[in-house]
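Participant: coordinates for the following, if possible.
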Amino acid sequence: MGDRCSRGCNFCDVETGGMESLDPDEPAAVADAVEEIGLDYVVLTSVDRDDLPDQGAAHFAETVREIKRRDPSILVETLTPDFRGEADLVREVLAAGPDVFAHNVETVERLQWPVRDRRAGYEQSLSVLDLAAREGECYVKTSLMLGVGEYDHEIYRTLSDLREVGTDVVTFGQYLQPSRSHLEVYEYVHPDAFETWRRVAEEELDFLYCASGPTVRSSYRAGELFVEAVE
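Facilitator: Numbering: from 1, shown residues only. The predicted structure is shown next:
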């Protein structure tokens, strides 16, 4: 949906503002590329588009439908914005039939600001994940960055909250500062701590799976790990 975002999160290096009209051919073009490359698992993500009446929900949905129209066996993960928590917009994406609905809560509740744009929020993101879990015929996924100043008890509470609303998959990665004007790294978390959180998520809180490590990002080995977990 373009290379500019309507929000300005302090961890992200995407340009803010100067939004352009959507390309109506993009859904078909993405599906053509998926077909040409021969992908069997696709992660679709985007910038935020608060400037649009539907915040881009229909564009997301049409891209999923175009991919599935060409080959229904392709697994599609939609990593979406929060759509300001508007349920009908979340439902529009769900109705297109993604296999995984992902939306990133990014960090613990206390640090939503200054990490995220003020239009984002912990409860708003949880409401999106909750709706997807209750009404979608798909798995639900989210991701957190570590190293921005969170405490262990806050991470545990976040995991518990995510399971309470039906989130199936969680990933943890190390926050890295994209430029000197962005949020500073508070801590470089030891790999052993990432492994501990993986075990807590999978063994104690019963997430379907948890990818966790300094270099992990929300789409890290998404297809491999998902297929392995559901087989």
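Participant: the strand ranked longest in the chain - contacts with which helices or strands?
Facilitator: Longest among the strand segments of the chain by residue count, using DSSP state E, is strand 139-146. Using 3 or more Cβ pairs under 8 Å, 6 or more residues apart in numbering; DSSP states H and E as the contact definition, the elements that strand 139-146 packs against are strand 100-102, helix 122-135, helix 152-164, strand 169-174, helix 191-199. Quick note: C-beta positions are derived from backbone N, CA and C, even for glycine.
Participant: pLDDT on it, on average?
Facilitator: The average pLDDT for strand 139-146 rounds to 98.
Participant: where exactly do the helices run in the chain?
Facilitator: Taking DSSP state H, the helices of the chain run over residues 26-37, 57-70, 87-95, 112-115, 122-135, 152-164, 191-199, 222-230.
Participant: to Asp13, which of those lies closest?
Facilitator: Asp13 lies closest, by Cβ to Cβ, to one member of those: helix 112-115, at 13.9 Å.
Participant: got the contact list for that closest one?
Facilitator: Cys9, Asn10, Phe11, Glu106, Thr107, Ala120, Gly121, Tyr122, Met145, Val148, Leu183 (Cβ atoms under 8 Å, 6 or more residues apart in numbering).
Participant: same question, stretch 208-226
Facilitator: With Cβ under 8 Å, 6+ apart as the criterion, stretch 208-226 contacts 40-41, 43, 45, 75, 77, 79, 99-100, 102, 104, 139, 141-143, 168-174, 188-189, 191, 194-195, 197-198, 201-202, 228-230.
Participant: buried ones among these?
Facilitator: Burial by neighbour count, judged by 16 or more other Cβ atoms under 10 Å, picks out 41, 43, 75, 77, 79, 99-100, 102, 104, 139, 141-143, 168-174, 189, 194, 197-198, 201-202 from the contacts of stretch 208-226.
Participant: pretty sure Leu79 contacts Leu44?
Facilitator: Yes: the pair Leu79 and Leu44 passes the contact test of Cβ atoms under 8 Å, sitting 6.7 Å apart.
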